[in-house]
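# Structure for the following, please:
(one chain, ligands or ions: 2)
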Amino acid sequence: MAFMGGGGMGGGMFGPGGGPRAAANPGNGLPFAGIAPEMQPAVEKLLAIEPEHPKPDAVFHHRPPKRPKLTLHWLLARQKKPLLLSLILVIIETVALQSGPYLTQLGIDRGISRHDTAWLVIPALLFLGTVFLTAVASRSRVRWTGRLAAWVMNDLRVQVFTQLQRFSLHFYSEEKAGVIMTRMTSDIEVLQQLLQDGLAQFAIQGLTMVIVTIVLFTYNVKLALITVVLIVPIVTVFSLWFRKASDVGYNKVRDGIAGVLSDLSESLQGVRVVAAHNRARHNVVHHRNTVGVYRDANNYTAHITAIYGPGTDMIGILGQAALLLIGGHMVLDHQLTVGELTAFILYLSAFFQPIQQLVQFYNTYQQGQAAIYKLRGLLGTEPGVPEAVDAVELPPVTGDIVFDDVTFGYYPDTPVLRDINLHISPGETISFVGATGAGKSTIAKLVTRFYDPIGGRVLIDGHDLRDVTLKSLRRQLGVVPQEPFLFAGSIRDNIAFSRPDATSEEVAEAVRLVGLSGLVERSPDGVDTLVHERGQSLSSGERQLIALARAFLARPRILVLDEATSNLDLQSETAIESALDILLEQRTAILIAHRLSTAMRADRIVVVDDGRIVEIGSHTELVNAGGQYATMYETWMRRPDTADVH
Ligand SMILES: Nc1ncnc2c1ncn2[C@@H]1O[C@H](COP(=O)(O)OP(=O)(O)OP(=O)(O)O)[C@@H](O)[C@H]1O
Ligand SMILES: [Mg+2]
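Numbers count the residues shown, from 1 in each chain. Ligands and ions are numbered 1, 2, ... in the order given. Down below sits the predicted model:
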């Protein structure tokens, strides 16, 4: 990213002809002087094997696409070829596998009983052949189902992630990050398991049961009927119990893992607060309990599986013993050959395995369905600030903002803003002041349409924000939020975030203007120094400066600075004053500030109190009016740390 952004060579390193282009690349220090002749053959060799990298064809629309409801069927129907191939391979695999007992019978009845060596060799060779066929079919099947699962999961992950990009802030304040992570990890993994192996196993075992039942009845109806009467009812009751118990177990496991992930993500994010308040031990205890719940759930499933698995095995073996007794008598009465009895008993054990596997599959299936249900909920959730079907592009604006009788609340019955009427003229700098929690940031969030008002309208250049596309709106807006967020990457990447195509000079200019030069010089790799996740390796003032530099680079028509300089020392703030003047020049700007020295620079000051606008006017007007602002100003002036600045 740094290279592409820095060099401004969006088309890639090499031209369409495939040959290296000796272009000057001012962004990365020395100009690019071409490839040394002795390295040319190596470069050509490399180019010959270098695959083409087409541009990603990703498109993003704020409006969710119309798609059918997410179901297992819909997921599979999109992958017809691997599905069909897997099915054919499953049939080959199962039939080949079930020929074993029949070949054993041939060997015994024709080979051993008649002392015919040829009939010993033929079944053995055929057996070898079927083993080989099963192995080949099984290998291809696993590859195809693997591919099927990989693609379905790929599509699903991209869809879910894209959907997460559409949601408004409301969604993220309601939903715990850990729970969203669970959707993307364990829920999707369960589905993957189902598609990769579960469905194929279901087909194999189901088919095996059908084949074995038919075979058992064709061998000997009487013996088959005895088997059915003796064994099937017990196994059915046992399996029904297991199904019910494992349902309960699965729900416990699922809630357990969601709990563990949520707790983990929260304590990782809050690690500083945890350390500062000596809550480490408490956290360990809490996490131990959460993990304990998960462990108990897993113990429970292990417990019931331990009853069910060996239990069905035992029923199967007892069944075989009974058959040996009854079948043995039939052999003695010449109703059955030894080979047939052997095949029958072998088939019977082949009848048992699928039952166990099918019940296990039922579990995976249940889990998969629950995951689909959750993901369907996520994919079906409408974004909080939907883009209208007939939304138009917001043309380049002059920056005229109108709040027309706006009411807003994060929850409909507790309004946070009431009767907001305000007209901000193009190019005007307006500042919002007021007590903590008065609603200043909330007003700013309505301008950027992070939320929609409950009553009234917000207009920019006469366009209701709900009627324009989100992209065209946000392209013209710049926001420096109260808590700026930095991504893991270089300082340059973070600054150029607002305009990835910015040149190195432009980035450097932004760095200089906001007063980040000192930091860049101190950092080991200059502007390419990596900052840690969330900017943890920087001070909060430095993070604010980077966020300001982002805004400089984007040069939007309308700028919202929410306490953008609150973490700077007064000296640094004074130092970037002129830069702010450049930034605010001819732009409509909303400044939110507790520090009145910042607020005073605005053309007009709006005093917000408990969600209402109580005063509007210039600094002098408001001081002379003797209202809330005048009181605030007086208190502020009397503070010893501000006295020497003014
Ligand atoms: N995501 C949210 N969900 C619910 N309530 C919220 C949310 N964000 C803010 N609030 C509430 O809305 C009110 C106004 O908050 P806002 O952030 O606009 O205050 P502010 O004036 O910017 O305060 P500060 O000076 O501390 O930044 C507060 O009472 C706050 O508790
Ligand atoms: Mg605020």
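# which regions of this protein sit below the pLDDT cut-off?
1-33, 54, 56, 640-646 (pLDDT under 70).
# and with 50 instead?
1-28, 643-646 (pLDDT under 50).
# Going along the chain, name the strands of this structure.
401-408, 417-424, 429-434, 455-460, 463-464, 477-480, 489-490, 530-531, 558-562, 588-592, 604-609, 612-617 (DSSP state E).
# and of these, who's closest to Ala150?
Among these, the nearest to Ala150 by C-beta to C-beta is strand 489-490 (28.4 Å). In this view, the C-beta of every residue, glycine as well, is placed from N, C-alpha and C.
# Now the phi/psi pair for Val59, please.
Backbone torsions for Val59, taken as degrees, to the nearest 10, come to phi -120, psi 150.
# re earlier: let me have the strands of the chain in a markdown table, extended by distance to ligand 1.
Shown next, in a markdown table, are the strands of the chain (distance: least, C-beta to the nearest ligand atom, whole Å):
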| stretch | distance to ligand 1 |
| --- | --- |
| strand 401-408 | 9 |
| strand 417-424 | 8 |
| strand 429-434 | 6 |
| strand 455-460 | 15 |
| strand 463-464 | 22 |
| strand 477-480 | 13 |
| strand 489-490 | 27 |
| strand 530-531 | 25 |
| strand 558-562 | 7 |
| strand 588-592 | 7 |
| strand 604-609 | 6 |
| strand 612-617 | 12 |
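# now those strands as a markdown table including mean neighbour count and distance to Gln628?
Output for the strands of the chain, formatted as a markdown table (neighbours: other C-beta atoms under 10 Å; distance: least, C-beta to C-beta, whole Å):
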| stretch | mean neighbour count | distance to Gln628 |
| --- | --- | --- |
| strand 401-408 | 18 | 19 |
| strand 417-424 | 18 | 17 |
| strand 429-434 | 23 | 8 |
| strand 455-460 | 19 | 24 |
| strand 463-464 | 16 | 31 |
| strand 477-480 | 24 | 26 |
| strand 489-490 | 19 | 43 |
| strand 530-531 | 18 | 40 |
| strand 558-562 | 24 | 21 |
| strand 588-592 | 25 | 16 |
| strand 604-609 | 22 | 5 |
| strand 612-617 | 16 | 6 |
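# how many other residues sit next to His53?
7 (other C-beta atoms under 10 Å).
# For ligand 1, see how far away it is.
Distance, His53 to ligand 1, by C-beta to the nearest ligand atom, to the nearest Å: 41 Å.
# Repeat that for Asn299.
Distance of Asn299 to ligand 1, given as C-beta to the nearest ligand atom: 39 Å.
# That residue - how many residues pack around it?
12.
# contacting residues around the nearest residue to Leu470 once chain neighbours are set aside?
Using C-beta to C-beta, 6 or more residues apart in numbering and skipping residues adjacent in sequence, the residue nearest Leu470 is His62, 4.7 Å away. Contacts for His62 were tallied using C-beta atoms under 8 Å, 6 or more residues apart in numbering; they are 166, 383, 386-387, 469-471.
# Got a quick ChimeraX command for the buried subset of the residues you listed?
Applying 16 or more other C-beta atoms under 10 Å to the contacts of His62 leaves a buried subset, and the ChimeraX line that selects it is:
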select :166,383,386,387,469,470
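# So which of the contacts of His62 are in helices?
166, 470-471 (DSSP state H).
# wait, what's in contact with the residue in the stretch 451-600 of the chain positioned nearest to ligand 1?
Closest approach between the stretch 451-600 of the chain and ligand 1, counting by C-beta to the nearest ligand atom: Gln482, at 5.8 Å. Gln482 makes contact with 441, 562-563, 566, 592, according to C-beta under 8 Å, 6+ apart.
# Name the nearest of those relative to Tyr294.
Closest approach to Tyr294 among the contacts of Gln482 (C-beta to C-beta): Ser441, at 37.8 Å.
# ok, the nearest residue to the closest one once chain neighbours are set aside to Leu106 distance?
Take Ser441 and drop its neighbours on the chain: the residue closest to it by C-beta to C-beta, 6+ apart is Asp562, 5.4 Å away. As judged by C-beta to C-beta, to the nearest Å, Asp562 and Leu106 stand 83 Å apart.
# same check, this time on Pro412
77 Å.
# Give me the more crowded residue out of the two.
Using other C-beta under 10 Å, the more surrounded residue of Pro412 and Leu106 is Leu106, with 18 against 8.
# and the residue nearest to the more buried one when sequence neighbours are not counted, what does it touch?
Distances taken as C-beta to C-beta, 6+ apart place Pro123 nearest to Leu106, at 4.7 Å, with adjacent residues excluded. Residues near Pro123 by C-beta under 8 Å, 6+ apart: 103-104, 106-107, 111.
# Tell me the most packed of those, by neighbour count.
Tallying neighbours with other C-beta under 10 Å puts Gly107 at the head of the contacts of Pro123, with 22 neighbours.
# Not counting sequence-adjacent ones, nearest residue to that one?
Using C-beta to C-beta, 6+ apart and skipping residues adjacent in sequence, the residue nearest Gly107 is Pro123, 4.2 Å away.
# I figured Ser138 hits Glu93, correct?
Yes. Contact criterion C-beta atoms under 8 Å: Ser138 and Glu93 qualify, at 5.2 Å.
# Name the residue in the two with the higher neighbour count.
Glu93 (25 against 18).
# tell me the contacts of the residue lying closest to that one once chain neighbours are set aside?
With sequence-adjacent residues excluded and distances taken as C-beta to C-beta, 6+ apart, Glu93 is closest to Ala137, at 4.2 Å. Ala137 makes contacts with 89, 92-93, 96, as judged by C-beta under 8 Å, 6+ apart.
# The protein against ligand 1: which residues are in contact?
Within reach of ligand 1 by C-beta under 6 Å from any ligand atom, the chain has these residues: 173, 410, 416, 434, 436-442, 482.
# Please identify which two of the residues you listed are farthest apart in space.
Most distant of those, by C-beta to C-beta, are Ser173 and Gly434, 21.7 Å apart.
# Now Arg555: phi and psi?
Given degrees, to the nearest 10, the pair of backbone angles that Arg555 has is phi 40, psi 60.
# For the residue nearest to it when sequence neighbours are not counted, list each beta-bridge partner.
Using C-beta to C-beta, 6+ apart and skipping residues adjacent in sequence, the residue nearest Arg555 is Gly478, 7.7 Å away. Note on Gly478: beta-bridge partners by DSSP bridges are Leu559.
# Gly478 contacts Ser498, correct?
Yes. The criterion here is C-beta under 8 Å, and Gly478 meets it with Ser498 at 7.2 Å.
# can you list residues touching both of these two?
Common contacts of Gly478 and Ser498 (C-beta under 8 Å, 6+ apart): 550-551, 554.
# Now, the residues you listed that are in helices?
Those of the shared contacts of Gly478 and Ser498 lying in helices (DSSP H): 550-551, 554.
# residue boundaries of the helices in the stretch 151-300 of the chain?
Taking DSSP state H, counting those that start in this stretch as the criterion, the stretch 151-300 of the chain contains helices spanning 169-174, 177-182, 188-193, 199-219, 221-269, 271-276, 280-332.
# Columns distance to Leu394 on top of these, output as a markdown table?
Converted to a markdown table, those look like this (distance: least, C-beta to C-beta, whole Å):
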| stretch | distance to Leu394 |
| --- | --- |
| helix 169-174 | 20 |
| helix 177-182 | 30 |
| helix 188-193 | 36 |
| helix 199-219 | 48 |
| helix 221-269 | 35 |
| helix 271-276 | 40 |
| helix 280-332 | 47 |
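# With Leu375 as the reference, name the closest of these.
Among the helices of the stretch 151-300 of the chain, helix 188-193 sits nearest to Leu375 (C-beta to C-beta), with 7.5 Å.
# other SSEs contacting that closest one?
If you count contacts as 3 or more C-beta pairs under 8 Å, 6 or more residues apart in numbering; DSSP states H and E, helix 188-193 packs onto helix 118-166, helix 338-380.
# tell me the domain boundaries of this structure?
69-379, 388-476+587-639 (automatic domain parsing).
# out of those domains, nearest to Leu486?
Nearest of those (C-beta to C-beta): domain 69-379, 14.6 Å.
# Contacts for stretch 471-478 next, please.
62, 393-394, 396-397, 447-449, 460, 465, 498, 550-551, 554-560.
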